[in-house]
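>>> Requesting a structural model of the entry that follows:
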Amino acid sequence: MKTSLTIRLSFMMFLEFFIWGAWFVTMGTYLSQTIAASDVQNAQAYGTQSLGAILAPFIIGLIADRYFAAQRILGALHLLGAALLFWITFQEDFSSFYPLILIYMILYMPTLALVNSVAFRQLADPEKEFARIRVWGTIGWILAGFVIGWFTWESQGLLVNTFRLAAVASAILGIFSFFLPETPPGSKGKDVSIADIIGTDALKLLKDRNYLIFFIASILICIPLAFYYQEANKFMNEIGVEQAAGKMAFGQVSEIVFMLLIPFFFRKFGVKVMLLIGMGAWTLRYILFGYGNAEDLMAFIYLGIILHGICYDFFFVTGQIYTEQRAGENIKSSAQGLITLATYGVGMYIGFIVAGQITEKFNLEVGHDWQQIWMYPAGIAAAVLLLFAVSFREKRVKS
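Take a look at the predicted model:
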């Protein structure tokens, strides 16, 4: 692949995830600090990600894949997104904030598939080349956290600037997308059904008892995952962790490290042990958050952040590999679409709502009783671990 093409695709990935990371991590803190949103309203705002994930396959399958070149619809969605992000900065109450963030996420979530489509169509050997393109997305998310920490927007109550930063980056990517390589619609002229889009043909995988157990566990483990995305930054700011967003970016650094180690661990331990390690890491992380503080036990907070690589990679990346193994050649894409819809759509939506209700329950006059709050996702992760450990029987697939 030409160096110029590599740079363009890498820059596309960098901006795609820089935009998301610039506002998503700190939105809970912004909502509580700036527009006095409740914990339940915070959950509703984060739930827009899941609603966007549920609707994204329809936007891609019914519109982008049939009528428009991927790079053009990518550009249009990001330009519209830039306008929405900028508009958000003028909202002073949740009732006006929520509709805008909902529309934005319905527009943004399809772009995650579009950048992959643009990249894959240009790569001669995607299995070898895609990883070094995609890693720039994670670097973009990390840099966004460092920028927020560097400017101390959290401690100064200036998190509205995160939406302005994301709006500028979205406008840049929107314009840049029109200069990406031509990526014509893949299903032009083909009759694509609703069943094709949502991957109902992959439901036959659920007839396999082991895959059904994995599928249910994947949905349930998204409940504690939602606690992290929705509450962790607010928690760290409330207990006095300085430059919390910048420190949380180390979670993505560990994600890169452990992602590189996944092939080794997968061969050594197999899917069941890998998934159990991931679930156990979620339990440990929340216990560490529950007992850590910004003073003498700050090491607990750091360790909980760094565990993100194991929490995410050992469960979600391993789960994607397991799904790839269990699916037949004809339903591989449908199977990945189904598990993504179930986890990032249904599972995380339930998780955001549960996290909001529990956090609201332990709301104090000043701040929250975080030790009590974190025991809930720790307990849920432990329960899923136990369920999976006693129910799942691994069938090793020879490579």
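>>> and Thr340, what does it touch?
Ala53 (C-beta atoms under 8 Å, 6 or more residues apart in numbering). In short, each C-beta sits where N, CA and C put it, glycine included.
>>> can you tell me the helix or strand for it?
Using DSSP states H and E, Thr340 sits within helix 332-340.
>>> Give the rounded mean pLDDT of that helix.
Averaging pLDDT along helix 332-340 gives 72.
>>> Quick one: name whatever helix or strand follows that helix.
helix 348-361.
>>> pLDDT weak spots in the protein?
Within the chain, the ranges that satisfy pLDDT under 70 run 1, 60-66, 126-127, 186-201, 328-334, 395-399.
>>> Regarding it, what is its longest helix?
Ordering each helix of the chain by length in residues (DSSP state H) puts helix 250-291 first.
>>> so who does Phe227 touch?
Per C-beta under 8 Å, 6+ apart, neighbours of Phe227: 286, 351, 355, 373-374, 376-377.
>>> Likewise for Phe179?
Contacts of Phe179 (C-beta under 8 Å, 6+ apart): Arg8.
>>> Give me the buried positions along the helix or strand harbouring Met236.
Using DSSP H and E, Met236 maps to helix 209-238. Buried positions in helix 209-238, judged by neighbour count with 16 or more other C-beta atoms under 10 Å: 210-211, 213-238.
>>> Could you check how far Trp87 is from Gln49?
19 Å (C-beta to C-beta, to the nearest Å).
>>> Who has more neighbours out of the two?
Shown here are Trp87 and Gln49; by other C-beta atoms under 10 Å, Gln49 has more neighbours (25 against 16).
>>> Nearest residue to the more buried one in space, please, no chain neighbours.
Once flanking residues are discounted, Gln49 sits nearest to Met105: 5.5 Å by C-beta to C-beta, 6 or more residues apart in numbering.
>>> For the one you found, which residues are in contact?
The contact partners of Met105, taken as C-beta under 8 Å, 6+ apart, are 48-49, 51-52.
>>> Report the angle between the helix or strand harbouring Lys128 and helix 250-291.
For Lys128, the enclosing helix or strand under DSSP H and E is helix 126-150. Relative orientation of helix 126-150 versus helix 250-291 (axes from the mean of the first three to the mean of the last three C-alpha atoms, to 10 degrees): 60 degrees.
>>> Helix 126-150: how far from the chain's middle?
13 Å (C-alpha atoms, centre = their mean, to the nearest Å).
>>> which helices and strands sit right next to it?
helix 3-23, helix 94-122, helix 160-177, helix 244-248, helix 250-291 (3 or more C-beta pairs under 8 Å, 6 or more residues apart in numbering; DSSP states H and E).
>>> export those to CSV and tack on distance to Phe300?
CSV is the format used below for those (distance: least, C-beta to C-beta, whole Å):
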stretch, distance to Phe300
helix 3-23, 24
helix 94-122, 32
helix 160-177, 27
helix 244-248, 13
helix 250-291, 4
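>>> where's Gly367 relative to Tyr291, distance?
Distance from Gly367 to Tyr291, by C-beta to C-beta: 16 Å.
>>> tell me the most buried of the helices and strands packed on helix 126-150?
helix 244-248 (a mean of 24; mean count of other C-beta atoms under 10 Å).
>>> residue closest to the middle of this protein?
The centre of the chain sits closest to Tyr344, judged by C-alpha atoms, centre = their mean, with a distance of 7.3 Å.
>>> now the residue lying closest to Ala294 once chain neighbours are set aside: how far from Leu276?
Excluding its sequence neighbours, the residue lying closest to Ala294 (C-beta to C-beta, 6+ apart) is Gly240, at 4.2 Å. Computed as C-beta to C-beta, the Gly240 to Leu276 distance reads 34 Å.
>>> Ok, Met348 next?
Taking C-beta to C-beta, one finds Met348 at 21 Å from Leu276.
>>> Can you list phi and psi of the closest residue to Phe235 other than its chain neighbours for me?
Computed as C-beta to C-beta, 6+ apart, the closest residue to Phe235 that is not its neighbour in sequence is Trp370, at 5.3 Å. Main-chain dihedrals, Trp370, degrees, to the nearest 10: phi -70, psi -30.
>>> Likewise for Asn363?
Torsion angles, degrees, to the nearest 10, at Asn363: phi -80, psi 130.
>>> before we move on, the earlier item: nearest to Asp93, out of the contacts of Phe227: which one, please.
Ala355 (22.0 Å; C-beta to C-beta).
>>> Grab the nearest non-local neighbour of that closest one.
Looking at Ala355 with C-beta to C-beta, 6+ apart, the closest residue is Phe227, at 4.5 Å.
>>> Ok, Gln357 next?
Val40 (6.6 Å).
>>> Ok, Trp141 next?
The shortest distance from Trp141 to any residue other than its chain neighbours is 3.5 Å, reached at Gly21 (C-beta to C-beta, 6+ apart).
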